[in-house]
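Novice: from the sequence below, what's the structure:
(chains A and B)
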Amino acid sequence: MFATIINKAIVQGIPLLYGSTGEIITEKSGNLNLGIPGIMYMGGIAGVMGAYFYEKSVAVPSPVWCIIIPLIASLIGSALLALIYSFLTISLRANQNVTGLALTTFGVGFGDFFGGSLTKIFGEGGNLSVKVTADYYKTTLPFADDLGAFGKIFFSYGFLVYLAIIIALISAWVLKKTRVGLHLRAVGENPATADAAGINVTKYKYLATVIGGAIAGLGGFYFIMDYTGGSWTNGGFGDRGWLAIALVIFALWKPNLGIIGSVIFGGLYIAYAYISGLSRSASAIFNMLPYVVTILVLIITSIRSKKENQPPASLGLAYFREER
Amino acid sequence: MSNKKHEKRSSEPRIHIAKRDDMIWYKSWGVRLIAIVLALILCALVIVLLTGYDPIKVYGSMIYGNFGTTRKMWNMLQKLSILLCVSLAVTPAFKMKFWNIGAEGQSLIGALTAAACMIYMGNKIPNALLIPIMTVLCIIAGMIWGIIPAYFKAKFNTNETLFTLMMNYVATQLVVFCIVFWENPKDSNNVGIINSSTHGGWLPTLFNQKYLLIVLIVAVITIAMYIYLRYSKHGYEISVVGESENTARYVGINVKKVILRTMALSGGLCGITGLLLVAGTDHTITTTTIGGIGFTAIMVSWLAKFNPIIMTLTSFLIVFLERGAGEIATTFQLNHSISDILTGIILFFIIGSEFFVNYKITLRKKHKEEA
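Specialist: Below is the predicted model of the structure:
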């Protein structure tokens, strides 16, 4: 029972973990990318499209290509959206909130449109499903079932789950311990100073946003390939994109805390199903918890105003060298 | 420009970008118009690629979707009014550089309040009395939802973008919570049309037009907002705080008070939108009653440079696209989300075009100015 809850919480948390890790990297460069929900949709649908066309084009799909093609498609799709955002906000210095929301409109629209119409446009209609590919993604370690509860908690997942945790740990290490991370944080805190110190602000902002976007897109990709088993439902991804942004705050802009946070958020997401005698109305209140907790964290950090727990100082502002 | 030219070093960038002083209005609107036209061409291209439809017919179909029949026209006007109303609501906050992206939640709370009034008081109090009560309660509900983040912003400088964003989903879950008690029939997870026979709490129909009252109310709000922002002392204070909080403090403006007051106004107007949607249009409530209008409104307001009169045009542009694309989607049995793709494309172009309004680009070698 306990193992099942932890297992479900982790499975629910992984899309959020990808999203928040990507958004943390992005925000560390000073870009508040509200397009993350759109990017996550894009990561999902681009992966599904890659898988769909590959499955259609060959008689017997090979496991290796089934893994590689959708993964690359997903990464390219979400990186492209992040690139649009970067170009508009960094090169053209557009307002970040407006650009981000436009990106979300576009990404969610793109996902739902092709999710709902892809089989009609390119095939014979019916529901969009890439089960063959998804089964490869769901493959778990062979000895998971033999280890009981321990195996269920630690080994019963597809490789994307482990990848999410590895990426979060690497990001935390890069941000905290390396020169690149130091430069990136400098860009996010005070781009003018970073610029004066000889750091290429534009390059850092572009790279952080695009890499962050690609990572976030994997969240949508994981959701569709592993969690739902390869069948697309419009709106199925729900508000997880915004929840990922909430997780960024909850984790205090630290990817390693994001790992724990994602399990907690995932747990809150499914908690209502495991508390006996809970009415439907009470479950609505339970689903409110992640957001309420995030608000509380936001308030408390702003009241305590401890420097290392704050959002990056230049978050949301465009940088223009000649402006004072 | 040529006298400013420095000696060219190999590392010097080829393009020089400088902030431009105010561009003459017809030039800047020309730039935006070009962006919209380019975007519309791209949109048509996308549709043609997807459907193999004749591009001229695409535009024809979009116009038909908006103006084809009287019914379609009224539906378009209703959508336009609602979008405009939320856009007006977020405008004073944005002018103050308070990034209120919680209009969605503030409107939803207003809608929830309207639904609650209709359910609990609908058949007990005559409409003539009930509707004013509903209006006041909806405004208060929206205000509360707006003031909570504003208070923490004013007091502790809590990040308002993230705060208001989270409040949206708290509101959504609150609606889920209430639907459980209001659902009709039982276990349908659906409230159904409230007071469908008695019309208790429904906004009145003027001259046999269901939506006329909504259109009139929003028209009045538009003009009032224009005057408020342009000619009132409050409006002036809002722009000073938006330009620089320090300046505002220096000239003796109570910044905290302005932030709270402006967000109360913003939230209150969102509350009215909720009322117009529930009591005037849907007569029911779901979690998607607002349906993302709160987010679209932010872009509409920004595109209009926070000018309420121009906002009627920008919201028309968005609604036109949405309904036009919807018409095409219906004809070809495609998914209606295509309108979001088109809206996204148009927004990207307009957002990008702002750069050419605000900045001057000089190519170093050719001394050529691009605009």
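
Novice: now residue B:19: how far from residue A:320?
Specialist: Distance, residue B:19 to residue A:320, by CB to CB, to the nearest Å: 7 Å. All C-beta spots, glycine's among them, are computed from the backbone N, C-alpha and C.

Novice: of those two, who's got more company?
Specialist: residue A:320 (15 against 11; other CB atoms under 10 Å in any protein chain shown).

Novice: which residues touch the more buried one?
Specialist: A:93, B:19 (CB atoms under 8 Å, 6 or more residues apart in numbering or on different chains).

Novice: now check stretch B:299-306, is it near chain A?
Specialist: Yes: using CB under 8 Å from any CB of the partner chain, stretch B:299-306 reaches chain A at B:299, B:302.

Novice: buried residues, that stretch. List them.
Specialist: Within stretch B:299-306, the residues scored as buried using 16 or more other CB atoms under 10 Å in any protein chain shown are B:299, B:300, B:301, B:302, B:303, B:304, B:306.

Novice: quick one: which of the residues you listed is nearest to residue A:157?
Specialist: Distance to residue A:157 across the buried residues of stretch B:299-306 (CB to CB) is lowest for residue B:299, with 38.6 Å.

Novice: check contacts around the closest one.
Specialist: Neighbours of residue B:299 in contact, by CB under 8 Å, 6+ apart: A:98, A:101, A:102, A:105, B:318, B:347.

Novice: who wins on neighbours among these?
Specialist: Highest count within the contacts of residue B:299 by other CB under 10 Å belongs to residue A:102, 32 neighbours.

Novice: so can I have CSV of the buried residues of stretch B:299-306 showing pLDDT?
Specialist: Listed next are those as CSV, based on pLDDT from 0 to 100:
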residue, pLDDT
B:299, 84
B:300, 85
B:301, 86
B:302, 84
B:303, 80
B:304, 80
B:306, 83
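
Novice: ok, now how distant is residue B:294 from residue B:302?
Specialist: Using CB to CB, residue B:294 is found at 14 Å from residue B:302.

Novice: wait, a strand at residue B:362?
Specialist: Yes: checked against DSSP: H, G, I helix; E, B strand; the rest coil, residue B:362 lies within a strand.

Novice: chain center to stretch A:30-48: distance?
Specialist: How far stretch A:30-48 lies from its chain's middle: 7 Å, per CA atoms, centre = their mean, to the nearest Å.

Novice: same question for that stretch, mean pLDDT?
Specialist: Averaged across stretch A:30-48, the pLDDT comes to 89.

Novice: does that stretch come close to chain B?
Specialist: Yes: contact of stretch A:30-48 with chain B (CB under 8 Å from any CB) involves A:32, A:34.

Novice: going along the chain, name the helices of the stretch 51-200 of chain B.
Specialist: Assigned by DSSP state H, counting those that start in this stretch, the helices in the stretch 51-200 of chain B fall at B:55-67, B:70-95, B:103-121, B:127-156, B:160-182.

Novice: residues of the third one that come out buried?
Specialist: For helix B:103-121, the neighbour count (16+ other CB under 10 Å) marks B:103-119, B:121 as buried.
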